[in-house]
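1. Model the following, please.
(one chain, ligands or ions: 2)
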Amino acid sequence: MSQFAQQPLNAELKFLADLSAPLVYVPSKGGGDQTEHLGNYRTHAVEIHNAREQLPATDLDREGFKLLSHDSAVSDFYDDAALSSTYHPELIELIKRATGARRVEIFDDTRRSSSSAKQREHGTRDPANIVHNDYTHESGPRRLEDFFSDSPDQVPRLKQRRFAIINAWRPIGEPVVDHPLVLCDARSVRGDDLVAVERRGADRIGELQVAMYQPDQRWYYYPRMHRGEVLLFKTYDSALDGRTRFTPHSSCKDPRAPADAAPRESLETRCMVFF
Ligand code: OGA
Ligand code: FE
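-> Ligands and ions are numbered 1, 2, ... in the order given. Below is the predicted model of the structure:
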(Lines give C-alpha, C1' and ligand atoms only; values in the text may rest on other atoms or scores of the structure.)
(Ligands and ions follow the chains in the order given, each with its own letter.)
Protein backbone atom coordinates (compact mmCIF):
# COMPACT_ATOMS: atom_id res chain seq x y z
CA MET A 1 0.00 0.00 0.00
CA SER A 2 1.42 3.38 -0.86
CA GLN A 3 2.52 5.49 2.07
CA PHE A 4 -0.12 8.19 1.81
CA ALA A 5 -2.98 5.79 2.30
CA GLN A 6 -1.90 5.25 5.93
CA GLN A 7 -2.83 8.84 6.79
CA PRO A 8 -6.39 10.17 7.06
CA LEU A 9 -7.75 11.58 3.85
CA ASN A 10 -8.56 15.28 4.20
CA ALA A 11 -11.18 15.89 1.59
CA GLU A 12 -14.11 18.07 0.73
CA LEU A 13 -17.58 16.58 0.86
CA LYS A 14 -20.76 18.29 -0.24
CA PHE A 15 -23.67 18.52 2.21
CA LEU A 16 -27.08 20.10 2.24
CA ALA A 17 -26.66 23.62 3.68
CA ASP A 18 -30.26 24.46 4.56
CA LEU A 19 -33.83 24.03 3.38
CA SER A 20 -34.10 27.44 1.70
CA ALA A 21 -34.39 26.07 -1.85
CA PRO A 22 -36.58 23.26 -3.24
CA LEU A 23 -34.75 19.92 -3.25
CA VAL A 24 -34.62 17.64 -6.27
CA TYR A 25 -32.02 15.06 -7.25
CA VAL A 26 -31.75 14.22 -10.95
CA PRO A 27 -29.44 11.21 -11.39
CA SER A 28 -27.08 11.07 -14.34
CA LYS A 29 -28.10 8.61 -17.03
CA GLY A 30 -24.54 7.55 -17.76
CA GLY A 31 -22.26 8.21 -20.70
CA GLY A 32 -20.80 11.54 -19.62
CA ASP A 33 -23.63 13.59 -18.14
CA GLN A 34 -23.58 14.79 -14.52
CA THR A 35 -25.99 14.19 -11.67
CA GLU A 36 -27.91 17.40 -10.89
CA HIS A 37 -28.72 18.58 -7.37
CA LEU A 38 -31.31 21.29 -6.97
CA GLY A 39 -31.06 22.81 -3.52
CA ASN A 40 -28.61 24.74 -1.44
CA TYR A 41 -25.46 22.62 -0.96
CA ARG A 42 -22.20 23.51 0.76
CA THR A 43 -18.76 21.91 0.87
CA HIS A 44 -17.10 21.01 4.20
CA ALA A 45 -13.56 19.82 4.81
CA VAL A 46 -13.80 16.42 6.47
CA GLU A 47 -11.20 14.05 7.89
CA ILE A 48 -11.83 10.59 6.46
CA HIS A 49 -10.23 7.80 8.46
CA ASN A 50 -8.68 4.56 7.27
CA ALA A 51 -11.29 1.94 8.16
CA ARG A 52 -8.80 -0.89 7.53
CA GLU A 53 -6.83 0.29 10.55
CA GLN A 54 -9.41 1.97 12.72
CA LEU A 55 -12.48 -0.21 12.24
CA PRO A 56 -11.16 -3.68 11.53
CA ALA A 57 -14.47 -5.40 12.40
CA THR A 58 -17.59 -3.52 11.41
CA ASP A 59 -21.20 -4.63 11.37
CA LEU A 60 -24.00 -3.75 8.95
CA ASP A 61 -26.37 -3.24 11.90
CA ARG A 62 -23.94 -0.93 13.73
CA GLU A 63 -21.59 1.14 11.52
CA GLY A 64 -23.77 0.26 8.51
CA PHE A 65 -20.99 -1.20 6.34
CA LYS A 66 -18.81 -4.28 6.07
CA LEU A 67 -15.85 -5.10 3.83
CA LEU A 68 -15.53 -8.67 2.57
CA SER A 69 -12.89 -10.45 0.51
CA HIS A 70 -14.50 -11.91 -2.57
CA ASP A 71 -12.83 -13.31 -5.65
CA SER A 72 -15.48 -13.45 -8.33
CA ALA A 73 -15.33 -15.86 -11.25
CA VAL A 74 -16.26 -12.86 -13.42
CA SER A 75 -13.31 -11.23 -15.15
CA ASP A 76 -15.18 -8.57 -17.15
CA PHE A 77 -17.67 -6.70 -14.96
CA TYR A 78 -18.79 -4.70 -18.00
CA ASP A 79 -20.36 -7.89 -19.37
CA ASP A 80 -24.06 -7.83 -18.43
CA ALA A 81 -24.53 -11.52 -19.22
CA ALA A 82 -21.68 -12.46 -16.85
CA LEU A 83 -23.27 -10.41 -14.09
CA SER A 84 -26.59 -12.26 -14.46
CA SER A 85 -25.16 -15.75 -14.93
CA THR A 86 -22.25 -15.64 -12.51
CA TYR A 87 -21.93 -12.51 -10.35
CA HIS A 88 -25.49 -12.29 -9.07
CA PRO A 89 -25.61 -15.90 -7.81
CA GLU A 90 -22.22 -15.37 -6.12
CA LEU A 91 -23.45 -12.21 -4.44
CA ILE A 92 -26.68 -13.78 -3.28
CA GLU A 93 -24.71 -16.52 -1.50
CA LEU A 94 -22.22 -14.00 -0.08
CA ILE A 95 -24.97 -11.79 1.35
CA LYS A 96 -26.89 -14.72 2.76
CA ARG A 97 -23.75 -15.89 4.54
CA ALA A 98 -22.84 -12.39 5.77
CA THR A 99 -26.31 -11.51 7.07
CA GLY A 100 -28.17 -14.75 7.72
CA ALA A 101 -30.89 -13.65 5.26
CA ARG A 102 -33.14 -16.35 3.83
CA ARG A 103 -33.75 -14.65 0.46
CA VAL A 104 -31.87 -12.05 -1.61
CA GLU A 105 -33.16 -10.40 -4.80
CA ILE A 106 -30.93 -8.22 -6.97
CA PHE A 107 -32.62 -5.25 -8.60
CA ASP A 108 -29.95 -2.91 -9.94
CA ASP A 109 -26.38 -2.79 -11.25
CA THR A 110 -24.81 0.66 -11.56
CA ARG A 111 -21.33 1.14 -13.00
CA ARG A 112 -19.42 4.37 -12.45
CA SER A 113 -16.16 5.88 -13.51
CA SER A 114 -14.30 9.02 -12.54
CA SER A 115 -13.04 9.44 -16.12
CA SER A 116 -15.36 11.04 -18.65
CA ALA A 117 -13.68 9.01 -21.43
CA LYS A 118 -14.58 5.78 -19.57
CA GLN A 119 -18.08 7.11 -18.90
CA ARG A 120 -18.59 7.62 -22.62
CA GLU A 121 -16.92 4.33 -23.56
CA HIS A 122 -19.07 2.22 -21.23
CA GLY A 123 -22.15 4.42 -20.71
CA THR A 124 -21.30 4.60 -17.01
CA ARG A 125 -22.29 7.18 -14.41
CA ASP A 126 -20.21 9.74 -12.56
CA PRO A 127 -19.07 9.16 -8.94
CA ALA A 128 -21.41 10.54 -6.29
CA ASN A 129 -20.67 14.11 -5.32
CA ILE A 130 -23.08 14.79 -2.49
CA VAL A 131 -23.50 12.98 0.80
CA HIS A 132 -26.62 10.86 0.51
CA ASN A 133 -28.36 7.62 1.39
CA ASP A 134 -30.18 5.89 -1.47
CA TYR A 135 -33.55 5.23 0.26
CA THR A 136 -35.84 6.65 2.92
CA HIS A 137 -38.36 5.23 5.37
CA GLU A 138 -40.95 5.63 2.58
CA SER A 139 -39.02 4.73 -0.55
CA GLY A 140 -37.52 1.44 0.72
CA PRO A 141 -40.90 -0.32 0.86
CA ARG A 142 -41.99 1.41 -2.38
CA ARG A 143 -38.96 -0.07 -4.15
CA LEU A 144 -40.04 -3.51 -2.95
CA GLU A 145 -43.58 -2.95 -4.32
CA ASP A 146 -42.12 -1.84 -7.67
CA PHE A 147 -39.85 -4.86 -7.84
CA PHE A 148 -42.75 -7.23 -7.25
CA SER A 149 -45.21 -5.36 -9.48
CA ASP A 150 -45.72 -8.54 -11.57
CA SER A 151 -46.61 -10.57 -8.49
CA PRO A 152 -48.21 -8.09 -6.05
CA ASP A 153 -49.70 -10.96 -4.05
CA GLN A 154 -46.23 -11.60 -2.60
CA VAL A 155 -45.89 -8.08 -1.22
CA PRO A 156 -48.01 -8.18 1.97
CA ARG A 157 -46.31 -11.37 3.14
CA LEU A 158 -42.84 -9.98 2.40
CA LYS A 159 -43.63 -6.77 4.24
CA GLN A 160 -44.67 -8.63 7.38
CA ARG A 161 -41.07 -9.59 8.02
CA ARG A 162 -37.89 -7.61 8.23
CA PHE A 163 -36.28 -6.63 4.94
CA ALA A 164 -33.32 -4.44 4.06
CA ILE A 165 -31.66 -2.93 1.02
CA ILE A 166 -27.91 -3.53 0.85
CA ASN A 167 -25.55 -2.13 -1.79
CA ALA A 168 -22.57 -4.25 -2.79
CA TRP A 169 -19.85 -1.93 -4.11
CA ARG A 170 -16.65 -3.15 -5.76
CA PRO A 171 -13.85 -1.86 -7.95
CA ILE A 172 -13.95 -3.31 -11.47
CA GLY A 173 -10.73 -1.81 -12.87
CA GLU A 174 -7.44 -0.92 -11.23
CA PRO A 175 -7.18 -0.62 -7.41
CA VAL A 176 -8.87 2.61 -6.33
CA VAL A 177 -6.36 5.42 -5.79
CA ASP A 178 -8.65 8.43 -6.27
CA HIS A 179 -12.40 9.03 -5.87
CA PRO A 180 -12.89 6.30 -3.23
CA LEU A 181 -16.28 5.54 -1.76
CA VAL A 182 -16.50 7.23 1.66
CA LEU A 183 -18.99 6.24 4.36
CA CYS A 184 -20.24 7.79 7.56
CA ASP A 185 -20.28 5.53 10.64
CA ALA A 186 -24.06 5.35 11.14
CA ARG A 187 -23.58 5.60 14.93
CA SER A 188 -22.35 9.17 14.44
CA VAL A 189 -25.36 10.25 12.37
CA ARG A 190 -28.27 12.00 14.12
CA GLY A 191 -31.78 11.55 12.83
CA ASP A 192 -32.11 15.17 11.77
CA ASP A 193 -28.84 15.08 9.78
CA LEU A 194 -30.81 13.36 6.99
CA VAL A 195 -33.41 15.06 4.79
CA ALA A 196 -35.66 13.32 2.24
CA VAL A 197 -35.34 14.51 -1.37
CA GLU A 198 -37.25 13.59 -4.51
CA ARG A 199 -35.17 11.49 -6.90
CA ARG A 200 -36.35 12.32 -10.39
CA GLY A 201 -35.07 9.36 -12.42
CA ALA A 202 -35.78 8.83 -16.11
CA ASP A 203 -37.86 5.72 -15.38
CA ARG A 204 -39.18 6.33 -11.87
CA ILE A 205 -39.72 9.01 -9.26
CA GLY A 206 -38.12 7.91 -6.02
CA GLU A 207 -36.85 9.41 -2.82
CA LEU A 208 -33.41 9.47 -1.24
CA GLN A 209 -31.85 11.26 1.70
CA VAL A 210 -29.19 13.93 1.64
CA ALA A 211 -27.16 14.84 4.71
CA MET A 212 -26.49 18.05 6.60
CA TYR A 213 -23.01 18.37 8.06
CA GLN A 214 -22.38 18.09 11.78
CA PRO A 215 -18.91 17.86 13.29
CA ASP A 216 -19.54 14.64 15.27
CA GLN A 217 -19.98 12.62 12.09
CA ARG A 218 -17.18 10.05 11.73
CA TRP A 219 -16.06 9.34 8.17
CA TYR A 220 -14.20 6.31 6.79
CA TYR A 221 -12.83 4.82 3.60
CA TYR A 222 -10.95 1.68 2.58
CA PRO A 223 -7.69 2.76 0.93
CA ARG A 224 -6.84 1.03 -2.36
CA MET A 225 -9.90 -1.15 -2.59
CA HIS A 226 -9.36 -3.74 -5.30
CA ARG A 227 -11.31 -6.22 -7.41
CA GLY A 228 -11.05 -8.97 -4.81
CA GLU A 229 -13.05 -6.94 -2.29
CA VAL A 230 -16.69 -6.01 -1.95
CA LEU A 231 -18.04 -3.37 0.42
CA LEU A 232 -21.57 -4.03 1.67
CA PHE A 233 -23.50 -1.08 3.08
CA LYS A 234 -27.06 -0.74 4.24
CA THR A 235 -29.30 1.86 2.65
CA TYR A 236 -32.62 0.75 4.15
CA ASP A 237 -33.87 -1.50 6.95
CA SER A 238 -37.50 -2.01 7.86
CA ALA A 239 -36.57 -2.82 11.48
CA LEU A 240 -37.31 -0.07 13.97
CA ASP A 241 -35.49 -1.69 16.89
CA GLY A 242 -32.49 0.62 17.06
CA ARG A 243 -30.24 -1.10 14.56
CA THR A 244 -28.79 0.97 11.73
CA ARG A 245 -31.20 1.70 8.89
CA PHE A 246 -29.33 4.19 6.67
CA THR A 247 -25.65 4.81 5.86
CA PRO A 248 -24.70 8.21 4.39
CA HIS A 249 -21.99 7.96 1.75
CA SER A 250 -20.35 9.84 -1.11
CA SER A 251 -17.15 9.97 -3.08
CA CYS A 252 -14.43 12.60 -3.09
CA LYS A 253 -11.26 13.74 -4.74
CA ASP A 254 -8.16 12.58 -2.84
CA PRO A 255 -5.81 15.58 -2.96
CA ARG A 256 -2.82 13.23 -2.46
CA ALA A 257 -3.57 11.13 -5.54
CA PRO A 258 -1.16 11.56 -8.45
CA ALA A 259 -2.62 13.39 -11.44
CA ASP A 260 -2.07 10.33 -13.61
CA ALA A 261 -3.82 7.91 -11.20
CA ALA A 262 -5.95 5.30 -12.96
CA PRO A 263 -9.61 6.34 -13.12
CA ARG A 264 -11.89 4.78 -10.54
CA GLU A 265 -14.19 2.16 -12.09
CA SER A 266 -16.79 0.54 -9.86
CA LEU A 267 -19.95 -1.52 -9.83
CA GLU A 268 -22.62 -1.20 -7.14
CA THR A 269 -25.29 -3.86 -7.03
CA ARG A 270 -28.48 -3.16 -5.08
CA CYS A 271 -29.95 -6.09 -3.24
CA MET A 272 -33.26 -6.64 -1.44
CA VAL A 273 -32.52 -8.79 1.56
CA PHE A 274 -35.27 -10.75 3.35
CA PHE A 275 -34.88 -12.11 6.87
C1 OGA B 1 -23.83 3.93 -4.12
C2 OGA B 1 -23.21 5.24 -4.40
C3 OGA B 1 -21.30 6.43 -5.19
C4 OGA B 1 -20.02 6.21 -5.92
O5 OGA B 1 -23.15 2.90 -4.33
O6 OGA B 1 -24.99 3.94 -3.68
O7 OGA B 1 -23.80 6.26 -4.13
O8 OGA B 1 -19.36 7.22 -6.22
N9 OGA B 1 -21.98 5.23 -4.95
O10 OGA B 1 -19.67 5.06 -6.19
FE1 FE C 1 -25.63 5.89 -3.07
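2. contacts and neighbour counts: CA atoms only from here.
-> Noted.
3. Find the closest residue to ligand 1 in the protein.
-> Relative to ligand 1, the nearest point of the chain is P127 (3.4 Å; C-alpha to the nearest ligand atom).
4. That residue - how many residues pack around it?
-> 24 (other C-alpha atoms under 10 Å).
5. S84 too?
-> S84 has 12 nearby residues by other C-alpha under 10 Å.
6. That one: what secondary structure?
-> Here S84 takes the helix state, with states given by DSSP: H, G, I helix; E, B strand; the rest coil.
7. any idea how far E105 is from it?
-> Noted for S84: a distance of 12 Å to E105, by C-alpha to C-alpha, to the nearest Å.
8. Same check on F77?
-> Counting by C-alpha to C-alpha, the gap from F77 to E105 is 19 Å.
9. and these two? which has more neighbours close in?
-> With neighbours defined as other C-alpha under 10 Å, F77 and E105 compare such that F77 has more, 20 against 17.
10. Please name the nearest non-neighbouring residue to the more buried one.
-> I172 (6.1 Å; C-alpha to C-alpha, 6 or more residues apart in numbering).
11. Let me know how buried that neighbour is, in neighbour terms.
-> As a burial measure, I172 scores 24 neighbours (other C-alpha under 10 Å).
12. for R102, same thing?
-> 13.
13. cool, Y220 as well?
-> When neighbours are defined as other C-alpha under 10 Å, Y220 has 21 of them.
14. is it in a bridge, and if so with what?
-> The partner list for Y220 in beta bridges (DSSP bridges) reads H49, L183.
15. cool, and R125?
-> R112.
16. tell me the contacts of the residue most central in space within the chain?
-> Residue closest to the average C-alpha location in the chain (C-alpha atoms, centre = their mean): N167, at 5.6 Å. If you count contacts by C-alpha atoms under 8 Å, 6 or more residues apart in numbering, N167 has them with L231, L232, F233, K234, T235, E268, T269, R270, C271.
17. change it to 10 Å
-> 65, 106, 108-109, 134, 230-236, 267-272 (C-alpha atoms under 10 Å, 6 or more residues apart in numbering).
18. Return the subset of these lying in strands.
-> 65, 106, 108-109, 230-236, 267-272 (DSSP state E).
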